[in-house]
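>>> Here is the input, now give the coordinates:
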Amino acid sequence: MPLSKSFNQTTKPLIRENPAFRRELLVNAANALLAGDLVTAKAILRMYVNGAVGFIPLATALGHSSKTLMRILSPRGNPQARTLFHLFAHLQRAEGIALIAAPALPAPAPPAQTPSK
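Okay, here's the model as predicted:
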């Protein structure tokens, strides 16, 4: 007996029905990519594509084969930067959003310690 429900039963409907959740997935994928975590970025993008658009319609829109896109976003895939940027650009247009890279705010300085008497 499985201990959890499948992707199709839980996450896929959430992605399909919740635009805010889809946008957050794209933001998290972009942040992972900018942080140098390609594995996480591809996993999030794969989840997004599976739940939101599907590989076949996306491949058609991007001019790739669905198998190529699946391979690119697989754990062992090695996408070119051009392909990732093209993918992000298309998904942003589809969601009606624009992702912007901004510097992170520096961490606040720790409080100054007063000398004890």
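>>> Surely S66 is in contact with V49?
No - the pair S66 / V49 is not scored as a contact, 9.9 Å apart, by C-beta atoms under 8 Å. Where you see a C-beta, it was placed from the backbone N, CA and C, and this is true even at glycine.
>>> Looking at those two, which is more packed in?
V49 (22 against 16; other C-beta atoms under 10 Å).
>>> ok, the more buried one - contacts?
Neighbour list for V49: 55, 58, 69, 73 [criterion: C-beta atoms under 8 Å, 6 or more residues apart in numbering].
>>> Between which two of the residues you listed is the distance greatest?
Greatest spatial distance in these: L58 and L73, 10.0 Å, computed using C-beta to C-beta.
>>> Can you pick out the residue with more neighbours from the two?
Counted by other C-beta under 10 Å, L58 and L73 do not tie: L73 has more neighbours, with 23 against 19.
>>> what's the distance between the residue lying closest to the more buried one once chain neighbours are set aside and Q113?
Leaving aside its sequence neighbours, L73 sits nearest to R46 (C-beta to C-beta, 6 or more residues apart in numbering; 4.2 Å). Taking C-beta to C-beta, to the nearest Å as the criterion, R46 is separated from Q113 by 48 Å.
>>> Closest to the centroid, which residue in the protein?
Centroid-nearest residue in the chain, with C-alpha atoms, centre = their mean: A29, separated by 2.7 Å.
>>> I am finished for the moment; much appreciated.
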